[in-house]
Every structure is written in structure tokens, then in C-alpha cells.
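Undergrad: Provided below are the primary sequence and the corresponding predicted coordinates.
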Amino acid sequence: MAVNDNPRRTPLIAGNWKMNLDHLQAIAFVQKLAWNLKDAKHDFSAVEVAVFPPFTDLRSVQTLVSADKLPLAYGAQDLSARDSGAYTGEISGAFLSQLECQYVLIGHSERRTLHGEDDEQVAAKVMAALKHNLVPIICVGETAADLEVHGPSAVPVAQLKAALAGVSNAADIVVAYEPVWAIGSGQAATPEQAEQVAAQLRAVLKDTLGEDVAAKTRILYGGSVKGVNIAGYMREPNVDGALVGGASLNIDEFSSIVRFQKHVGL
């Protein structure tokens, strides 16, 4: 099966740095990543690359990407559902837009589990992102307990349906399936497991937003993604990229993931 056999869906490899790297480390990292991929003659039009630094790094990353005209996208790890006001510690989508972020992660499993974000809050954040011309990467996924009780796909499907409440078929979105039981565990879902859920998520997109939106929306897999296993996921017809956690902090490893096409002889 050909990788990315739908020409309307350019693969996306996204690196979520989580709470790692200060702004000076971010500058050095992005510079070296860009150099590595340039030296490897990576085609950024064939596989898009995005990084998600902490909030305090975003201005530095913006300045570097703009000044050096680097072909890297970047985004934020979260945003507020509100635009402004007395909300200490919150980050408005308006602020992120001014920093020229293209993307924002919403509903990441760590936000859901550690900060108690529910489906209603996730849906509100999706609308806030779209309001400020940010592409939301809507994260969905099940815990090991969810998997045992509900089986595969039930929880991610329900989460996606809730997140799409109020979203129009003109919206530009990305979906990321991240099985919580696989994140950081070293026990990744198999490509077949990822494909099974991704196909169900695409069916939700079709039912909710229409066939055209379903066909063009990218669905990423996230959960212990590494250079040695990325090619297997990218062979699946409904997997259009990866949301990479720990491995995105290692430049050589992340570069290997980005260049997955080399692993499958393309």
C-alpha cells in the first residue's frame, strides 16, 4: 500500500516538546533541526514538519523561523477558550495568532488527565482556535481502562464527536489519535490498531462535516513513535502523520521520523 496515497493529505510530523527546553535551547534546537533536514535534502512540501515548544519559547522560535525563512511550522501546546480578561495564567488565541503560530494542540491527554479538561472545554478551545485562524490539532485517545471496558475506538470517537460541536465544514482541522496507554510507555499501538481507530475517526468526520472534509483532514498517530516504527504507521491509509513526544527532543531521532519515506523506499 502506498504511503499517503491521497494526494490531498500532505503528511504532518509534529513534535510536542511538552515542558522541555527554554527559549535559548529552543533556538539552538530549531536551527540544528532545520540544518539536519536541509543537509538530508528533505522535501518540506512532501512532508510537513511542525514543532510545539512551551509558550515562553514561541517568540524566539517565531523570530528565528521568520528571519532565516525556515520551512518549519510551529504551534502552541494549548490555548484558552477565552479571548481576554481576568484569567490568570491563560493564553489567548489572539496572542498565538500574533506570534504567527499555525497550529495549536487541544485536548492532549495530559491536559485531560492532569488538568481535568473535559469534552466541553475541549470543544470551546477548538472554537477559540478557529476564531483566531489557528489550526486545532484535536487530540483524542483512550486509557488502558477505557480500552478494557469499552473496546477500541469508542472513547476516541466520542471525544471527537464532542470536539466537533459547532465546527463548520469550512474549518481546517487536524485530528491526533494518542492512546494514553502507549504514551511514553515504549509500548506503541500496532499500525493495525492505529488504522482501526483512525478509520473510525474519519467516519466521524464524514458523518459530522461531510465526505470532502473527511477526505482532506489529516489524522495523526501519537504514542511511543520512533524512527524504527514510523514507516509501519505511514503505510496505513488513514494515518497521515505522527504527533511525537519524547522522540521529538532528540534531533537525530526526530529527523529520522520526519524522513519516514526513506524507510519505505520512497
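TA: Arrived safely, thanks for sending. Keep in mind the model is a prediction, meaning the values are calculated, not measured.
Undergrad: residues in contact with the longest helix along the chain?
TA: For the chain, the helix that runs over the most residues, judged by DSSP state H, is helix 191-209. Outside helix 191-209, the residues within contact range by CB atoms under 8 Å, 6 or more residues apart in numbering are 140, 152-153, 156-157, 160-161, 164, 167-169, 171, 175, 177, 179, 213-214, 217, 219, 221, 229, 232-233, 235-239. C-beta coordinates here come from the backbone N, C-alpha and C atoms, glycine included.
Undergrad: beyond it, next helix or strand please.
TA: Counting by DSSP states H and E, the next helix or strand C-terminal to helix 191-209 is helix 211-216.
Undergrad: in this structure, which spans are helices?
TA: Under DSSP H, the chain gives helices at 23-39, 58-68, 93-98, 109-114, 119-131, 144-150, 154-163, 191-209, 211-216, 230-234, 251-258, 260-263.
Undergrad: which stretches of this protein have low pLDDT?
TA: Across the chain, the ranges flagged by pLDDT under 70 are 1-8, 184-186, 263-266.
Undergrad: 80 instead, please
TA: The chain contains residues with pLDDT under 80 at 1-8, 183-187, 263-266.
Undergrad: name the residue most distant from the centre of it?
TA: A86 (29.2 Å; CA atoms, centre = their mean).
Undergrad: and it, how far is that from A124?
TA: Between A86 and A124 the distance is 17 Å, computed by CB to CB, to the nearest Å.
Undergrad: in CSV: the helices of the chain, plus mean neighbour count and distance to A81.
TA: Below are those laid out as CSV (neighbours: other CB atoms under 10 Å; distance: least, CB to CB, whole Å):
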stretch, mean neighbour count, distance to A81
helix 23-39, 16, 26
helix 58-68, 16, 19
helix 93-98, 19, 9
helix 109-114, 16, 12
helix 119-131, 20, 4
helix 144-150, 14, 25
helix 154-163, 21, 12
helix 191-209, 19, 20
helix 211-216, 15, 23
helix 230-234, 23, 31
helix 251-258, 20, 30
helix 260-263, 18, 34
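Undergrad: could those helices be laid out in TSV, adding distance to G15?
TA: What follows is those, written out as TSV (distance: least, CB to CB, whole Å):
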stretch	distance to G15
helix 23-39	8
helix 58-68	12
helix 93-98	17
helix 109-114	15
helix 119-131	19
helix 144-150	25
helix 154-163	22
helix 191-209	18
helix 211-216	23
helix 230-234	13
helix 251-258	6
helix 260-263	14
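Undergrad: closest one to A46 among the ones you listed?
TA: Ranking those by proximity to A46 (CB to CB) places helix 260-263 first, at 7.2 Å.
Undergrad: quick one: contacts of that closest one?
TA: For helix 260-263, using CB under 8 Å, 6+ apart, the contacting residues are V3, P11, I13, A46, V47, G227, I230, A231, M234, S256.
Undergrad: with stretch 107-122 instead?
TA: Here stretch 107-122 has contacts from 16, 18, 77-78, 81, 106, 125, 138-141, 158-159, 162-163, 178, 180, 183, using CB under 8 Å, 6+ apart.
Undergrad: among the helices of the chain, which is nearest V244?
TA: In terms of CB to CB, the element of those nearest to V244 is helix 251-258, at 5.9 Å.
Undergrad: gap between stretch 14-24 and the chain center?
TA: Relative to the centre of its chain, stretch 14-24 is centred 14 Å away, using CA atoms, centre = their mean, to the nearest Å.
Undergrad: just the buried positions in it, please.
TA: Buried positions in stretch 14-24, judged by neighbour count with 16 or more other CB atoms under 10 Å: A14, G15, N16, W17, K18, N20, L21.
Undergrad: output it as PDB - backbone C-alpha positions only.
TA: Only the C-alpha atoms of stretch 14-24 are listed here, as PDB (Å, rounded to 0.1, in the frame of the first residue of the first chain):
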ATOM      1  CA  ALA A  14       4.600  17.200  14.700                       C
ATOM      2  CA  GLY A  15       7.000  17.400  17.700                       C
ATOM      3  CA  ASN A  16       5.400  18.100  21.100                       C
ATOM      4  CA  TRP A  17       8.200  19.300  23.300                       C
ATOM      5  CA  LYS A  18       5.900  19.400  26.400                       C
ATOM      6  CA  MET A  19       7.600  21.200  29.300                       C
ATOM      7  CA  ASN A  20      11.100  20.900  28.000                       C
ATOM      8  CA  LEU A  21      13.700  23.400  26.500                       C
ATOM      9  CA  ASP A  22      14.000  27.000  27.400                       C
ATOM     10  CA  HIS A  23      14.000  29.700  24.800                       C
ATOM     11  CA  LEU A  24      17.800  29.600  24.200                       C
END
